[in-house]
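**Q** after the sequence you'll find the predicted model.
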Amino acid sequence: MATAIRGANPGVAVQTHLVDLADREATTHVARAVLRENPRIRLLVNNAGVALGGRFDQVTLEEFDWVIDINFRATVRLTHILLPALKAERGSHLVNVSSLFGLVAPPGQAAYSASKFAVRGFTEALRQELADNRIGVTSVHPGGVRTRIAESARVGSGVSRQEWEDGRAQFATLLTIDPAHAAGIVLDGIEQRRGRVLIGWSAKIPDLLARLLPVAYGRILTVAMRARTGMSGDAAERPQLATRMGQRA
């Protein structure tokens, strides 16, 4: 990505930092380094995300915490350190990428949904808190974007590899949105100062179902998934099939 940006914009300075966001000290260090090198910040996008396949009783607490640390705690930490710089700039903007699974919570994704619902709640609270500072705050909820998060996801210790591979192959049929198109939708949302951005009908329809049927939406989505992928009832209920529908890892 950095190479592509440099190639398209030779006059723009692009800095990169490699960091394990599950490491709290390393995350703090890189955030402070970014602030030292760029004391004026007008846009912050928290986009990192990882997935973990398996029901809650199939994953360890360490595996669960790994997801929470990267998807939620790193977002909180980076925002906390860089927020003073955003507040100092007129018209600045904060974007936190949640997920479709920050709108609905499927079986097999307790850790992921917990982290992304947390990102959503954190972002919505900040939107109210920062209104007087004129900082735009956007929560992004991607649907079926073609990324590698499923390929790079960890598998819970209690999930068989064959189950995971079968489910992942079928679920890949739902990932149809081009990442560049998704990025364009996010940029449009920033320009329009929108509080929430949903990407694709694969996010918009589940969001509507969750609003109308906050308890029963799960059964409807399971039936829709079976119809879309051609899965049998047993296969559709495998926990690993609910791997996240498309946020960038």
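**A** Right, received. Where do you want to start?
**Q** rest of the way, CA atoms for contacts and neighbours
**A** Noted.
**Q** quick one, what contacts Leu209?
**A** Applying Cα atoms under 8 Å, 6 or more residues apart in numbering to Leu209 gives the contacts Tyr217.
**Q** just give me the longest strand of the protein.
**A** strand 136-142 (DSSP state E).
**Q** avg pLDDT for that strand?
**A** Across strand 136-142, the average pLDDT comes to 97.
**Q** for stretch 30-44, same thing?
**A** 95.
**Q** for stretch 215-223, same thing?
**A** In this model, stretch 215-223 has a mean pLDDT of 87.
**Q** again, but for stretch 2-21
**A** Per-residue scores along stretch 2-21 average to 88.
**Q** does Gln15 count as helix, strand or coil?
**A** coil (DSSP: H, G, I helix; E, B strand; the rest coil).
**Q** can you tell me the closest non-neighbouring residue to it?
**A** Spatial nearest neighbour of Gln15, chain neighbours left out: Ala2 (7.8 Å); criterion: Cα to Cα, 6 or more residues apart in numbering.
**Q** does that neighbour touch Val12 like I think?
**A** No - checked against Cα atoms under 8 Å, the pair Ala2 and Val12 is beyond contact range at 10.8 Å.
**Q** circling back: give me the phi and psi for the residue nearest to Gln15.
**A** With angles defined as degrees, to the nearest 10, Ala2 sits at phi -60, psi -40.
**Q** contacting residues for it?
**A** Contacts of Ala2 (Cα under 8 Å, 6+ apart): 14-16.
**Q** and Gly91, how far from Lys204?
**A** Noted for Gly91: a distance of 28 Å to Lys204, by Cα to Cα, to the nearest Å.
**Q** and for Val119, the neighbour number?
**A** Val119 is flanked by 26 other residues according to other Cα atoms under 10 Å.
**Q** understood, closing this out.
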